[in-house]
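>>> could you work out the structure for the sequence below:
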Amino acid sequence: MILTGQFRHNLDSKNRLIIPVKFREPLGEVFMITQGLDGCLAAYTMEKYEAMIAKLTTIPSTKKEARMYLRALTANANECTLDSQGRVQLPQFLMTHFKKSCVIVGVADHIEIWPEEQWNSYSDLASESLETVAETLTEFIA
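Numbering: from 1, shown residues only. Below is the predicted model:
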């Protein structure tokens, strides 16, 4: 299933966030939330997360960038489940840039959780440069 769309929800006082119904089944009963790129959190099915880690561990540990990325994805990871109301408890150590308003975005094979202000800025920038970005990626998508 390809995950698409964006939804706005607020964190409650215990850092719980409602995961939209559309994303609940694809994520599975147990899923992983970790540090994402560009200032968001990323949520992956356990299968996808384990596959990413397996690929990263094939890169020689002598590569500094591989060590950095692997550490970021594992040290900042948290195994999660949804409560009976479809909320996930986000760990405090991942909440440094979050206030109350969040945007949950479907990104094909995972979801991202953004602080609303950061998402709005990123989304504006991405919209302004969409054509240029598409041109640079032509060889991969044409």
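
>>> the protein: helices as residue ranges?
Here the chain has its helices, by DSSP state H, at 21-27, 46-56, 64-75, 116-128, 130-136, 138-141.

>>> distance from the fourth one to the middle of the chain?
Centre-to-centre, helix 116-128 and its host chain are 16 Å apart (CA atoms, centre = their mean, to the nearest Å).

>>> can you pull the buried residues of it?
Of the residues in helix 116-128, 116, 118-119, 122 count as buried by neighbour count, 16 or more other CB atoms under 10 Å. To be clear about C-beta, it is placed using only N, CA and C from the backbone, and glycine gets the same treatment.

>>> one more: the first one?
Taking 16+ other CB under 10 Å as the neighbour-count basis, helix 21-27 is seen to contain the buried residues 23, 27.

>>> packing partners of that helix?
If contacts are counted by 3 or more CB pairs under 8 Å, 6 or more residues apart in numbering; DSSP states H and E, helix 21-27 sits against strand 41-45, strand 101-106.
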